[in-house]
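[1] When you get a sec, could you give me coordinates for this:
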Amino acid sequence: MRFALNALIVILISTFLWGCSSVKSKAPSAPPTGTSNVNRPVYIETGKASFYANLHQSKKTASGEIYDHKLNTAAHKKLPFGTKVRVTNVENGKTVVVKINDRGPFVKGRILDLSKSAFSSIANTSSGIIKVKIEVIE
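    As a prediction, the model looks like this:
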């Protein structure tokens, strides 16, 4: 009986130590995914963009930042906060780089809400809605 108890203790201790050990994998690691640079975007989307109304000025965004219509920022439904995105107006080819710091737009068919200054750098604000291509660059 004592032999069985000692054997059980040795098995339990061995199992515990084995579970806490680490072994280096011999398989080669996969190259990192989702990396990017300005010349090679990892995410591209095309759709309609609008800009924030004046009533949003100085209000908190979903990221916790305060919205400022003078900064080049934008809202996207899924891209992580802090993501840098190149926005191209499909009609005239003008581009602007913005930082995602909010969620939205919450209007069907739109993919991006731009700050007023970002929108006005690629289109006239009187147009209201423009067709854009967005490319994640960072």
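[2] so how far is Ser50 from the residue nearest the centre of the chain?
    For the chain, the residue sitting closest to the mean C-alpha position, by Cα atoms, centre = their mean, is Pro80 at 2.3 Å. According to Cβ to Cβ, to the nearest Å, Pro80 and Ser50 sit 21 Å apart. For every residue, glycine as well, the C-beta is placed using N, CA and C.
[3] Tell me which residues are up against stretch 89-100.
    46, 72-76, 79-88, 114-115, 118, 121-123, 130-133, 137 (Cβ atoms under 8 Å, 6 or more residues apart in numbering).
[4] Just the buried subset of those, please.
    Buried residues within the contacts of stretch 89-100, defined by neighbour count using 16 or more other Cβ atoms under 10 Å: 72-76, 79, 83-88, 114-115, 118, 121-123, 130, 132-133, 137.
[5] thinking again about what came up before, can you pick out the ones from the contacts of stretch 89-100 that are in strands?
    Among those, the ones falling in strands (DSSP state E) are 46, 73-75, 84-88, 114, 130-133.
[6] so where's this structure uncertain?
    1-5, 7-8, 10, 12-41 (pLDDT under 70).
[7] List the contacts of the closest residue to Ser58 other than its chain neighbours.
    Excluding the flanking residues, the one nearest Ser58 by Cβ to Cβ, 6 or more residues apart in numbering is Ile66, at 5.9 Å. Ile66 sits next to 58-60 when contact means Cβ under 8 Å, 6+ apart.
[8] Secondary structure, neighbour count and distance to Val107 added to these, as TSV?
    Listed next are these as TSV, based on DSSP: H, G, I helix; E, B strand; the rest coil; neighbours: other Cβ atoms under 10 Å; distance: Cβ to Cβ, whole Å:
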residue	secondary structure	neighbour count	distance to Val107
Ser58	coil	9	22
Lys59	coil	10	18
Lys60	strand	11	20
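[9] tell me which of those residues is nearest to Phe106?
    Lys59 (14.9 Å; Cβ to Cβ).
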